[in-house]
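Asker: only geometry, no sequence info:
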């Protein structure tokens with residue numbers, strides 16, 4: 001009853017949806033690791049260790065919030081078509097919740113960030129409060145940015161998702177050019 005076959009139309013749909021996600025994976029690696037490559041090559045390994053410790057802490061919290069909200073939002077949004085009133089209401093609610101989560105992340109790391117880093121890694125990691133606050137701000141932006149990304153995925157629009165990540169990756173590229 002089942003046979004392996006090739007369907008040109010289905011292959012086109014598969015590539016149209018999946019190819020942007022494949023390129024996204026490569027871009028996400030650069031976005032997530034590029035800052036560490038830059039810090040390590042410009043400032044050295046000791047500074048990279050301090051930066052990496054803070055980045056792991058803020059990035060871990062950010063990833064947890066993004067993955068959890070994505071797991072919750074995607075089923076809520078994908079049951080409706082973009083443009084429908086139900087979709088618009090749910091998308092707006094997801095945006096409000098995401099904004100609150102981003103603000104909580106920013107306020108937490110801006111206020112208690114140094115204490116959290118020293119609690120997690122010990123007093124040897126005496127780091128500037130500004131570094132923790134900036135990485136907290138970066139995490140808050142990433143959380144906020146996840147809201148439209150989940151909307152793109154729910155609508156099956158992986159090309160807009162790719163375009164957004166190209167913009168993010170290009171920011172690191174411009175930073176590298178500016179530092180040379």
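Answerer: That came in fine, so what should we check first? Remember, it's a predicted structure, so these values are computed and weren't measured experimentally.
Asker: Just checking the distance from the helix or strand encompassing residue 173 to the centre of its chain.
Answerer: Residue 173 is part of helix 158-179, with elements assigned from DSSP states H and E. How far helix 158-179 lies from its chain's middle: 12 Å, per C-alpha atoms, centre = their mean, to the nearest Å.
Asker: Could you pull out the buried residues of it?
Answerer: Neighbour counts using 16 or more other C-beta atoms under 10 Å place 158, 161, 162, 164, 165, 168, 169, 172 of helix 158-179 among the buried residues. (Glycine included, C-beta is placed from N, CA and C.)
Asker: In terms of secondary structure, what does it contact?
Answerer: helix 8-43, helix 129-154 (3 or more C-beta pairs under 8 Å, 6 or more residues apart in numbering; DSSP states H and E).
Asker: Now do that helix and helix 129-154, the angle between them.
Answerer: 150 degrees (axes from the mean of the first three to the mean of the last three C-alpha atoms, to 10 degrees).
Asker: what mean pLDDT would you report for helix 158-179?
Answerer: What helix 158-179 shows for mean pLDDT is 78.
Asker: just stretch 45-56 next, same as before
Answerer: Mean per-residue pLDDT for stretch 45-56: 86.
Asker: in that stretch, what's buried?
Answerer: For stretch 45-56, by 16+ other C-beta under 10 Å, it's 48, 50, 51, 52, 53, 54, 55.
Asker: what's the answer for stretch 89-100, then?
Answerer: 90, 91, 94, 98.
Asker: Check the offset of that stretch from the chain's centre.
Answerer: Computed by C-alpha atoms, centre = their mean, the chain-centroid distance of stretch 89-100 equals 17 Å.
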